[in-house]
Structure formats: C-alpha cells, structure tokens
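A.B. asks: Predicted model, plus sequence, below.
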Amino acid sequence: MLLVEGLSRTFGDARTGEVHALKNASFELAPGETAGLLGMNGAGKSTLLRILATTLKASAGTLSLNGLEYKVEGDEQANEKIRHHVGFLSGSTGLYKRMTGKETLEFFGRMCSMDEAELQAKIEDFVTRLGMVDFIDRYTDKYSTGQKQKVNICRALIHGPDLLILDEATTGLDPVARLQVTEFIQKMRNPQRMMMYSTHYFDEAENLCDKLLVLHQGVLMYSGTKKEVLEQAECQSLSELFAGLAKS
Ligand SMILES: Nc1ncnc2c1ncn2[C@@H]1O[C@H](COP(=O)(O)OP(=O)(O)OP(=O)(O)O)[C@@H](O)[C@H]1O
C-alpha cells in the first residue's frame with residue numbers, strides 16, 4: 001500500500017521568490033493498482049514522482065510504502081530502505097555509454113544483490129519480451145531513443161520493485177516502440193506491484209491505469225477512476241477537462 005498525506009514541495013526561485021510546485025497532495029494506491037498522473041507542463045508531476053522515488057526531499061507531508069515511512073527531514077537510512085522497493089524511470093534517465101545494454105542491466109541487478117542465475121534469467125526474459133535481441137550486446141551510445149528507453153525500463157524493473165514509477169516513459173518513441181513499451185508495462189503488472197505512470201498521452205492513461213490523478217498548478221485537483229474524475233470535473237472527456245484547465 002502506498003499512502004501519501006499532505007505532500008508539498010516549494011522551490012526557491014531567483015526571479016519570483018518561491019515556486020509551490022506541489023501543494024498538500026494526498027492519495028492512496030492499493031497493491032496491484034496503477035495510477036496515471038496527468039497534468040500540463042509545470043503542473044508538478046515530476047516533483048511528486050521524484051519525492052516518491054526519494055530522490056527529492058518534500059517540504060512537508062508523509063508517505064509510507066508497505067509500512068516503510070519516508071522521512072521528510074531526510075533520514076537517509078529510512079529513505080534508503082524505501083528506495084530498495086522502488087523502480088524509477090524519468091524521461092531524462094541516462095545510460096552509461098561505455099556499457100552494453102546487457103552489462104547495464106547486470107550492473108544494476110548486482111547493485112541490488114540479486115542472485116546471478118535469477119538476474120540472467122530475468123534479463124533473457126526482458127530481452128525476448130521487448131524485442132531487444134539485436135542490440136542488447138551493443139554499446140548504449142549507439143542506441144536509438146526507443147532502444148535506450150527499453151533498457152531504461154528494464155533497469156527500473158530488474159530488482160522487482162513494489163512501486164514502479166514511470167515519468168513520461170514513452171515520450172519521443174515512435175508508435176511501434178510506444179506500443180511495445182506500453183504492452184510490456186501492462187505485462188509487468190502483478191497483484192503486489194503498484195505503478196505511478198505520468199504521461200501526456202490520454203490513451204495510455206486510459207488503457208494502462210486503474211485510476212487517474214490530475215495535477216494542476218501543484219494541486220491534486222481530481223482523483224479516482226476515469227469515470228469518477230470526469231464526474232468530479234463535470235466533463236465528457238479528458239480533452240474537455242484539460243481544455244478547461246488550460247483556461248484557468
Ligand atoms: N529545481 C527547481 N527549482 C525551481 N523550480 C523548480 C525546480 N524543479 C521544478 N520546478 C518548478 O516546479 C514546477 C513543477 O515542475 P515539474 O517539473 O514538477 O512539472 P511537470 O508537471 O513534471 O512538468 P512537465 O510536464 O513539463 O515535465 C514548475 O513551475 C517548475 O518550473
């Protein structure tokens with residue numbers, strides 16, 4: 001279970017003084033659930049996801065993942081424990097150029113102290129499922145955007161995290177790669193795993209996610225199933241909902 005209560009984050013800004021990127025966000029995610037995080041540019045999606053991944057400190061609030069408490073004030077040991085159960089992929093995740101895709105996955109699996117036989121079996125399974133046979137043994141600096149993203153997703157999943165956080169995982173992919181990646185993510189669902197999936201593509205949010213979280217100007221405006229969100233917003237479609245937000 002992921003419990004988020006009153007999470008906020010304020011950044012100092014030289015020009016405006018302060019940016020309230022996230023304001024008092026609260027929500028829950030049950031085991032097996034996938035939540036789609038929607039919001040316009042600058043809405044606060046990455047800020048929320050980075051806090052969940054413990055790579056960014058919150059200014060206030062609490063979160064717990066399967067009973068493990070996140071310490072806002074920065075208790076590294078406590079946050080490190082959570083990190084072991086989280087997989088995080090952001091749009092800007094980089095790869096080591098002088099490693100092959102396979103070496104990259106081996107490196108991260110070994111960092112998580114995975115059993116070697118289990119690691120190799122998992123890599124083989126991922127390579128087959130995501131169609132990576134042709135490039136997995138090449139250096140990653142020769143990869144296309146789609147090839148890089150496939151390795152990045154596998155890297156986030158290699159240790160079998162309870163919470164998988166995907167921040168714009170399919171941005172920049174061609175339609176075929178996008179479909180392959182979303183189908184793979186769908187298959188990676190299991191009754192224990194929770195997923196947070198931020199995207200600008202409504203079709204992905206609708207097809208992959210059990211519930212939606214709509215952030216606007218740092219505020220979690222709507223949350224629930226798509227039907228519930230549309231009812232709360234009194235809209236017929238997500239396009240209509242966002243057209244309304246864009247005007248506010
Ligand atoms: N390190 C920072 N310093 C100052 N302001 C920041 C910082 N990081 C984010 N912000 C601001 O916080 C707000 C939320 O940014 P965030 O990146 O979370 O939005 P987002 O919803 O992920 O946007 P996008 O869809 O464009 O990726 C924005 O106004 C952004 O400029």
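C.D. replies: Received it, and whenever you're ready, just let me know what you need. Numbers count the residues shown, from 1 in each chain.
A.B. asks: And the strands in this structure, which stretches?
C.D. replies: For the chain, the strands defined by DSSP state E occupy 2-13, 17-29, 34-38, 60-65, 68-70, 86-89, 163-167, 194-198, 211-216, 219-224.
A.B. asks: Lowest mean pLDDT across those strands, which one is that?
C.D. replies: The minimum mean pLDDT among these belongs to strand 68-70 (a mean of 85).
A.B. asks: Which elements pack onto it?
C.D. replies: strand 60-65, helix 76-83 (3 or more CB pairs under 8 Å, 6 or more residues apart in numbering; DSSP states H and E). Where C-beta positions appear, they are placed from N, C-alpha and C, glycine not excepted.
A.B. asks: Can you pull the residues of the protein lying near the ligand?
C.D. replies: By the rule CB under 6 Å from any ligand atom, the part of the chain lying against the ligand is 11, 13, 19, 21, 39, 41-47.
A.B. asks: buried stuff in the least confident helix or strand in the chain by mean pLDDT?
C.D. replies: In the chain, no helix or strand scores lower on mean pLDDT, DSSP states H and E than helix 76-83, which sits at a mean of 79. Buried residues in helix 76-83, counted by 16 or more other CB atoms under 10 Å: 79, 82-83.
A.B. asks: do stretch 197-213 as well
C.D. replies: 197-199, 201-202, 204-205, 208-213.
A.B. asks: swap in stretch 224-241?
C.D. replies: Result for stretch 224-241 [16+ other CB under 10 Å]: buried residues 224, 226, 229-230, 233, 235, 238, 241.
A.B. asks: what's the spacing between Gly131 and the ligand?
C.D. replies: Counting by CB to the nearest ligand atom, to the nearest Å, the separation of Gly131 from the ligand is 28 Å.
A.B. asks: where are the low-confidence patches of this protein?
C.D. replies: 74, 91-93 (pLDDT under 70).
A.B. asks: And the contacts of stretch 178-198?
C.D. replies: 2, 29-39, 45-46, 49, 52, 129-131, 146, 149-150, 153, 157, 161-170, 173, 204-205, 207-209 (CB atoms under 8 Å, 6 or more residues apart in numbering).
A.B. asks: Filter those down to just the buried residues.
C.D. replies: For those, buried by 16+ other CB under 10 Å: 2, 29, 33-39, 45-46, 49, 52, 130, 146, 149-150, 153, 157, 161-170, 173, 204-205, 208-209.
A.B. asks: returning to what we had before: ok, of the buried residues of helix 76-83, which one's closest to the ligand?
C.D. replies: Checking those against the ligand with CB to the nearest ligand atom, the nearest one is Asn79 at 18.5 Å.
A.B. asks: ok, and the closest non-adjacent residue to that closest one?
C.D. replies: Excluding the flanking residues, the one nearest Asn79 by CB to CB, 6 or more residues apart in numbering is Thr54, at 4.4 Å.
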